[in-house]
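Student: Build the 3D model from these lines:
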Amino acid sequence: MRDLERTLKALANRRRLAILGYLKQRQEATVGEIAGKIKLSFKATSKHLGVLTAADIIEHEQRSLQVYYRIVSPKLLSPATRSIISLL
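Tutor: I've put the predicted structure just below:
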């Protein structure tokens with residue numbers, strides 16, 4: 001039940017939903033690309049990405065100096081999370 005609560009709290013924010021919509025469309029992106037698309041500062045975007053990562057909704061990979069974010073495999077997401085992301 002706690003995992004569901006954490007996930008729903010992470011998804012209960014329009015900026016984080018915008019991030020997920022962008023990642024769904026692009027597959028993966030850097031913080032700078034995401035921040036530019038959703039028109040939010042780099043720092044604020046990083047914080048939102050941290051919340052989504054802590055909720056196990058997205059994952060990141062460091063390549064050289066860039067960090068790329070993507071939505072985790074659908075197999076690893078809860079049915080509720082998959083349903084919400086499918087609506088974006």
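Student: residue ranges with poor pLDDT in this structure?
Tutor: Counting by pLDDT under 70, the chain shows low-confidence ranges at 1.
Student: quick one: the helices in it?
Tutor: Remark: helices assigned in the chain by DSSP state H are 2-11, 14-26, 31-38, 42-54, 79-86.
Student: and the third one, what other elements does it pack with?
Tutor: This points to helix 31-38. For helix 31-38, the packing partners by 3 or more Cβ pairs under 8 Å, 6 or more residues apart in numbering; DSSP states H and E come out as helix 14-26, helix 42-54, strand 66-71. From N, CA and C alone the C-beta is placed, and that goes for glycine too.
Student: Let me have those in CSV, extended by distance to Glu33 and mean neighbour count.
Tutor: Formatted as CSV, the helices and strands packed on helix 31-38 follow (distance: least, Cβ to Cβ, whole Å; neighbours: other Cβ atoms under 10 Å):
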stretch, distance to Glu33, mean neighbour count
helix 14-26, 8, 17
helix 42-54, 10, 16
strand 66-71, 9, 17
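Student: quick one: which of those is nearest Gly36?
Tutor: helix 42-54 (9.0 Å; Cβ to Cβ).
Student: tell me the angle that closest one makes with strand 66-71.
Tutor: Using axes from the mean of the first three to the mean of the last three Cα atoms, to 10 degrees, the direction of helix 42-54 lies 50 degrees away from that of strand 66-71.
Student: Report the backbone C-alpha coordinates of helix 42-54 in PDB.
Tutor: Extracted in PDB, the C-alpha atoms of helix 42-54 (Å, rounded to 0.1, in the frame of the first residue of the first chain):
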ATOM      1  CA  PHE A  42      17.100  23.000 -14.600                       C
ATOM      2  CA  LYS A  43      17.100  22.800 -10.800                       C
ATOM      3  CA  ALA A  44      13.300  22.400 -10.500                       C
ATOM      4  CA  THR A  45      13.300  19.800 -13.300                       C
ATOM      5  CA  SER A  46      16.100  17.900 -11.500                       C
ATOM      6  CA  LYS A  47      14.000  17.800  -8.300                       C
ATOM      7  CA  HIS A  48      10.900  16.500 -10.100                       C
ATOM      8  CA  LEU A  49      13.100  13.800 -11.800                       C
ATOM      9  CA  GLY A  50      14.400  12.800  -8.400                       C
ATOM     10  CA  VAL A  51      10.800  12.300  -7.100                       C
ATOM     11  CA  LEU A  52       9.900  10.200 -10.200                       C
ATOM     12  CA  THR A  53      13.200   8.200  -9.800                       C
ATOM     13  CA  ALA A  54      12.500   7.600  -6.100                       C
END
